[in-house]
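> no sequence for this one, just the structure:
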């Protein structure tokens, strides 16, 4: 990697070697480079250019080369896993990859593509005749009673009605069948009912249009007759029609004229016309229905059809489909010929265990501390109709939708759910054999311990894949040590990141083993450690041994009073009356008892005080960011000097038995908060409270907070505290 001016990284040059182990563990304290490195890889994977958000004029450099090919890593070979980003993953393409075996999928897609192509052409023709804004959507809504959401099945079920349809509607579909029209008809249902009733009464009394025992011969039926003989082939064959009271009719034009005259008589009836005028007037008040108004004015008889709005919709579609009937029948025939093949593929696919099942089962087994279980809910639909896979959830045995589930989950549980999408992505890459460099940015952050270890186990499993490589970034030292151990990461693959003024440096891990073991075993100098190092280890162990005593018991052991030893070590962490008089000899006796180490280094003067030893060591501390003992030494002496200063100033010098630094600072601040001369001192002492908290003796088994703290900050605070004197 060669990076410059990428999200705050001024300069970073490093080579990761995966030849011994395909996993890298990289510990980076907050603010050093972790998120910046993750963002840089994310941009490259998205085919974007990394940049510097603050110093935008700086030209970024981002060369990330695969040494095996000597060229920049392709975006497809990078996968960045962020701490938590709801909804980034789970795309249809990735999930469909996990469907069934490739041969079945390809066979199905070939058939389905042919059907879809022919359907698209047919829908285009249907749109031309119906002028509907969305033919498919409107037909699905109209024929919702057909027990299928398959467009081909809807056409198939309509074949008989289409072949028998005699109506010919030429109006634009959405001018009549629209929510605004439907609302109008509902609002004026009384007028519509009145019109239909009066229309029926007039028909019953008409000599041309009549009601009989077999039904009504009305305007619609008359138009059907005209439609069936309009090409005059009936008459040219020598046939004729005899109409009651009208006599013989010998042409379609003559019949049309007679029917039109009779219709005019019907719609011109005063009682029917009065109702129509009311409907027309109501429509005139609604400008949005102007197109609908024109249609009714051109053909008043349509009002009678509107009484059964849903049936009229179907009749309209039958009329439109009639105009493209031959094309419809061809499409249905094609579907019938392919349907059996699709069903065969579907049945075979369902009999196989899909990759989805593997992912879901894997998730349920690993993440056991969650209130829900995952299930696949629509595998059949996915295979047959090419839908996106749906993951179902059972929350306390109740099925839930994804959106509802997310509302009731805690943040930790939401993060665990987020992992499901990541597992889908990883499984998809495994399926494709996709060589991948994973940049894993604190994936376990904020998880409880059960699920955190489930994540570690999963990272361990994928590290065994030949074409997967991982760089695991974390600012959590405990997690860093855990993955180093659980994934058996070799010494060469464990790193710390250090931020200097001009660059970021990635260096080998300082503490390959538990630091306490290192210190315990090196209380004497050897080939790797000097006498000064031995002294540092002696001092660094003070809070650790104090914890051992505190978490033990208060009985006498081998003649030693544990409580006495605990108090002596406490005097080295808080300024007490005897703090400056405790010698290294006293420490040696305590360490012999609790650590089993006989003597300190022979070159160490045991009569020297521990306090002065700490002062001497702190003065010589170098800018070694990952030397933990240096930070502990600075933290201890900073606190001691600060407490001594505050005791020298406060009026109330009574002994403090618990939380001495905090209580003492409270006294100091209360006494001097209105003294302008003490303002700068108060700020420095507040920093002492923040930067050297109880962690150096309450949580010393981990030391993570102090490890995250920069050595430069501690050295600067040490200088400020010493100047208080």
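Received it, and whenever you're ready, just let me know what you need. Keep in mind that this is a model prediction, so the values were computed, not measured.
> ok, now which ones touch residue 163?
With contacts defined as C-beta atoms under 8 Å, 6 or more residues apart in numbering, residue 163 is in contact with residue 325. C-beta here means a position set from N, CA and C on the backbone, and glycine is covered the same way.
> Which parts of the stretch 151-300 of the chain are helices?
The residue ranges that make up the helices of the stretch 151-300 of the chain, judged by DSSP state H, counting those that start in this stretch, are 151-157, 159-164, 173-176, 179-187, 189-205, 219-229, 233-236, 252-267, 270-284, 290-298.
> The fifth one - what's its average pLDDT?
Same thing as helix 189-205. Within the predicted structure, the mean pLDDT of helix 189-205 is 69.
> Same check on the first one?
Helix 151-157 shows a mean pLDDT of 88.
> which secondary structure elements does it contact?
Of the remaining helices and strands, those touching helix 151-157 by 3 or more C-beta pairs under 8 Å, 6 or more residues apart in numbering; DSSP states H and E are helix 102-130, helix 135-142, helix 325-350.
> In it, which residues are buried?
Applying a neighbour-count criterion of 16 or more other C-beta atoms under 10 Å, the buried positions in helix 151-157 are 151, 152, 153, 154, 155, 156.
> about what we covered before: turn the helices of the stretch 151-300 of the chain into a markdown table, columns for distance to residue 331.
As requested, the helices of the stretch 151-300 of the chain are arranged in a markdown table below (distance: least, C-beta to C-beta, whole Å):
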| stretch | distance to residue 331 |
| --- | --- |
| helix 151-157 | 7 |
| helix 159-164 | 11 |
| helix 173-176 | 20 |
| helix 179-187 | 29 |
| helix 189-205 | 37 |
| helix 219-229 | 25 |
| helix 233-236 | 29 |
| helix 252-267 | 32 |
| helix 270-284 | 38 |
| helix 290-298 | 30 |
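> now for these, which one comes closest to residue 322?
Nearest to residue 322 among the helices of the stretch 151-300 of the chain is helix 159-164 (5.5 Å), distances taken as C-beta to C-beta.
> Mind checking what secondary structure residue 471 has?
With DSSP: H, G, I helix; E, B strand; the rest coil as the basis, residue 471 sits in strand.
> Ignoring the adjacent residues along the chain, who's closest to it?
Nearest in space to residue 471, with sequence neighbours left out and distances taken as C-beta to C-beta, 6 or more residues apart in numbering, is residue 24 at 4.5 Å.
> Please tell me I have it right and that neighbour contacts residue 14.
No - applying C-beta atoms under 8 Å as the test, residue 24 and residue 14 come out as separate, 10.2 Å apart.
> Tell me which of the two has more neighbours.
More crowded of residue 24 and residue 14, by other C-beta atoms under 10 Å: residue 24, with 22 against 14.
> quick one: pLDDT of that one?
94.
> try residue 369
The per-residue pLDDT reported for residue 369 equals 60.
> now swap in residue 556 and tell me
56.
> same question, residue 538
So, for residue 538, pLDDT stands at 92.
> What's the separation between it and residue 612?
Distance of residue 538 to residue 612, computed by C-beta to C-beta, to the nearest Å: 13 Å.
> So for the two, which sits in the more crowded spot?
Each of residue 538 and residue 612 has its neighbours counted (other C-beta under 10 Å); residue 538 has more, 25 against 12.
> Name all residues that make contact with that one.
Going by C-beta under 8 Å, 6+ apart, residue 538 touches 523, 584, 587, 591, 600, 604, 613.
> Give me the distance between the first one and residue 163.
Looking back up the chat, that one is residue 523. From residue 523 to residue 163 the distance is 100 Å (C-beta to C-beta).
> Same question for the fifth one.
Separation of residue 600 from residue 163 (C-beta to C-beta) stands at 105 Å.
> rewinding a little: give me whichever of the helices and strands packed on helix 151-157 is most buried.
Sort the helices and strands packed on helix 151-157 by mean neighbour count, taking mean count of other C-beta atoms under 10 Å, and helix 135-142 sits at the top with a mean of 17.
> Excluding covalently adjacent residues, which one is nearest to residue 11?
In space, and not counting its chain neighbours, residue 11 is closest to residue 503: 3.9 Å by C-beta to C-beta, 6+ apart.
> The one you found reaches residue 8, doesn't it?
No - shown here, residue 503 and residue 8 do not form a contact pair, counting by C-beta under 8 Å, at 11.5 Å.
> Give me the more crowded residue out of these two.
Applying other C-beta under 10 Å to residue 503 and residue 8 shows that residue 8 carries more neighbours, namely 18 against 15.
> Pull up the gap between the more buried one and residue 38, please.
Noted for residue 8: a distance of 12 Å to residue 38, by C-beta to C-beta.
> Repeat that for residue 161.
If you go by C-beta to C-beta, the gap between residue 161 and residue 38 works out to 61 Å.
> Show me which of these two is the more surrounded one.
Applying other C-beta under 10 Å to residue 161 and residue 38 shows that residue 38 carries more neighbours, namely 21 against 14.
> wait, isn't the more buried one in contact with residue 439?
Yes - here residue 38 reaches residue 439: they are 5.8 Å apart, a contact under C-beta under 8 Å.
> can you list residues touching both of these two?
Common contact partners of residue 38 and residue 439 (C-beta under 8 Å, 6+ apart): 80, 473.
> picking up where we left off before, let me have the helices and strands packed on helix 151-157 in CSV, extended by distance to residue 180.
Listed next are the helices and strands packed on helix 151-157 as CSV, based on distance: least, C-beta to C-beta, whole Å:
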stretch, distance to residue 180
helix 102-130, 18
helix 135-142, 15
helix 325-350, 30
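> now those helices as TSV including mean pLDDT and distance to residue 577?
Converted to TSV, those look like this (pLDDT from 0 to 100; distance: least, C-beta to C-beta, whole Å):
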stretch	mean pLDDT	distance to residue 577
helix 102-130	84	80
helix 135-142	87	87
helix 325-350	84	81
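> Can you check which of those helices gets nearest to residue 444?
Ranked by C-beta to C-beta, the member of the helices and strands packed on helix 151-157 that lies closest to residue 444 is helix 102-130, at 34.0 Å.
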